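Asker: requesting a structural model of the entry that follows:
(one chain, ligands or ions: 2)
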Amino acid sequence: MADRRIAGVYAWEAFDSRGNPTVGCEVVLSDGASGSATVPSGASTGAHEAVELRDGGTRYGGKGVASAVTNVTGPLAAAVTGIDAGDQRRVDAALREADGTTDLSRLGANAVLGVSLSAAIAYASSIRQPLHAAVAEGDDVPLLPMPMVNILSGGAHADGALDIQDVLVVPVGAESFREAIEWAWRVRRGTVEAAEARGLPAHLVADEGGLGLRLGGNRDALELVAEGIDRSGLRSGDEAAIAIDVAASTFAEDGGYELRTEGRRLTADELVSALAGWVADFPIVSLEDVLGEDDWDGWRQAGKRLGGVQLLGDDLFVTNTARLRRGVDEQIANAVLVKPNQVGTLSDALDVVRLAQHSGYATVLSARSGDTEDHWLADLAVGWRTGQIKVGSTTRSERTAKWNRLLRIEAGPAPTTFATW
Ligand SMILES: C=C(OP(=O)(O)O)C(=O)O
Ligand SMILES: [Mg+2]
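Answerer: Numbers count the residues shown, from 1 in each chain. Ligands and ions are numbered 1, 2, ... in the order given. Purely as a prediction, here's the structure:
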């Protein structure tokens, strides 16, 4: 039997797409196979996420990850050396044990995820399988996810150009991933045309490559993207629909919601009413983080009034099984955003995906606003059959790396299916 024990673990500081430092990691196995991964980093982070370790006085202006790097090569390497990389659960348990905290704040969730991912990638290389096949369970057939593609950006990703963080297109009528991503690109082009027709500078892009336009208010953003869909020639609602990441925690203040671009303050109830109005007027199929991350009562009320659409919890659930379990038990939201670095290990992220799938919740695997050119996220979406993926726009290489990887997987040789909406 091949010897796939972890024999070496290396780490370094790498750039993310905002030019901030992040952790790169490589795991080498006894049989000589190796795998490396870089870890992404969010901006609109949830308060309950596992902790990303940052420290001062190192590179790139004193917000380095030098301690995360030395934690990889020191205690985390010691904890996993000798473990069979094919036993992901054991690798991840050893990483958690080495850290000893529930939020991974001692050694850093960024350090832990680097090792967890690199071990999985090294194992896939050793068994000569693509990562999506190596992480698939049982007889699961690879499933290409429906993309959710960023068109307009606001919030923490575009210097507050809008209060809401993302207006995205979902190519709901597409029959293959290739068609879906082309349709998303057509909607972007249509939105650029719509912006230019209004004299807006459509070449300025935000962190995830979405257009970073200063508009009169949030509704204007929806009107612009709706016009972009019309200009794309796609049928609004049937072929191309809209998703919003409200990211409400980023503008929640003293129990209310400050819509700064509109100069008004709303209660939770008024914010839900505004969202219900948008759902009535635009082809919206998915709403993310509609209220603050700890406003469970507000979310329950929101579910009653916005029940017809996908209600997606990001900051609400933070890829955490305990929080998702509470959501399922209390019938709050109906979908979960899954960001592996919110929880720190692949096994924990997979547990969230499976709990959601068994509970009838949809799953959307997601990149971060600070991401890298790595594309393991695409393989996880396919192998775990998450059904949806959110990566940002169709521009900027750290985004296209994931789309291009999905196009590559769809081209074969393994047979795939596509997750229609
Ligand atoms: C991808 C997102 O942004 P960030 O990575 O900044 O949390 C998000 O909020 O869904
Ligand atoms: Mg979000």
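Asker: check contacts around the residue most central in space within the chain.
Answerer: For the chain, the residue sitting closest to the mean C-alpha position, by CA atoms, centre = their mean, is Ser366 at 1.6 Å. Ser366 makes contact with Asp314, Leu337, Val338, Lys339, Leu377, Ile389, Lys390, Val391, according to CB atoms under 8 Å, 6 or more residues apart in numbering. C-beta coordinates here come from the backbone N, C-alpha and C atoms, glycine included.
Asker: need those residues in CSV with neighbour count and secondary structure, can you?
Answerer: Formatted as CSV, the contacts of Ser366 follow (neighbours: other CB atoms under 10 Å; DSSP: H, G, I helix; E, B strand; the rest coil):
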residue, neighbour count, secondary structure
Asp314, 30, coil
Leu337, 27, strand
Val338, 29, strand
Lys339, 24, coil
Leu377, 26, helix
Ile389, 27, strand
Lys390, 30, strand
Val391, 31, strand
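Asker: mind picking the two most distant members of the residues you listed?
Answerer: Of all pairs drawn from these, the one with the longest distance (CB to CB) is Asp314 and Leu377, at 15.0 Å.
Asker: and the contacts of whichever strand or helix holds Arg399?
Answerer: With elements taken from DSSP states H and E, the one containing Arg399 is helix 397-410. The contact list for helix 397-410 (CB under 8 Å, 6+ apart) reads 16-17, 130, 132, 142, 144-145, 147, 176-178, 181, 208-209, 367, 371-375, 377-379, 381-382, 389, 391-394, 416, 418.
Asker: ok, now how distant is Arg305 from ligand 1?
Answerer: Separation of Arg305 from ligand 1 (CB to the nearest ligand atom, to the nearest Å): 22 Å.
Asker: now do His48
Answerer: Per CB to the nearest ligand atom, His48 is found 13 Å from ligand 1.
Asker: re the thing from before, and ligand 1, which of the contacts of Ser366 reach it?
Answerer: Residues of the contacts of Ser366 in contact with ligand 1 (CB under 6 Å from any ligand atom): Asp314.
Asker: which residues touch stretch 324-331?
Answerer: 296, 300, 303, 313, 316-317, 332-333, 336, 352, 355-356, 359, 361.
Asker: for the chain, what's the longest helix?
Answerer: Assignment by DSSP state H gives helix 177-197 as the longest helix of the chain.
Asker: from the rest of the structure, what touches that helix?
Answerer: Helix 177-197 has contacts (CB under 8 Å, 6+ apart) with 144-147, 149, 151-152, 169, 171, 173-174, 201-202, 211, 213, 224-225, 227-234, 239-240, 393-395, 403, 406-407, 410, 418.
Asker: now a ChimeraX select for only the buried ones of those residues.
Answerer: Buried subset of the contacts of helix 177-197, written as a ChimeraX selection, criterion 16 or more other CB atoms under 10 Å:
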select :144,145,146,147,149,151,152,169,171,173,174,202,211,213,224,225,227,228,229,231,232,234,239,240,393,394,403,406,407,410,418
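Asker: the residue of the stretch 1-150 of the chain at minimum distance from ligand 2 and Val91, how far apart?
Answerer: Nearest to ligand 2, among the residues of the stretch 1-150 of the chain, is Ser44, at 6.1 Å (CB to the ion). As judged by CB to CB, to the nearest Å, Ser44 and Val91 stand 30 Å apart.
Asker: looking at the two, which one has more neighbours?
Answerer: The neighbour comparison of Ser44 against Val91 (other CB atoms under 10 Å) goes to Val91, with 26 against 19.
Asker: below-threshold pLDDT in this structure: ranges please.
Answerer: Within the chain, the segments meeting pLDDT under 70 span 56-62.
Asker: what's the following helix or strand after the strand or helix carrying Leu287?
Answerer: Using DSSP H and E, Leu287 sits within strand 284-288. Using DSSP H and E, the helix or strand that follows strand 284-288 in sequence is helix 296-305.
Asker: so which elements touch that next one?
Answerer: helix 268-281, strand 310-313 (3 or more CB pairs under 8 Å, 6 or more residues apart in numbering; DSSP states H and E).
Asker: in the protein, what residue is nearest ligand 2?
Answerer: Of all residues in the chain, Asp314 sits closest to ligand 2, with a separation of 3.5 Å (CB to the ion).
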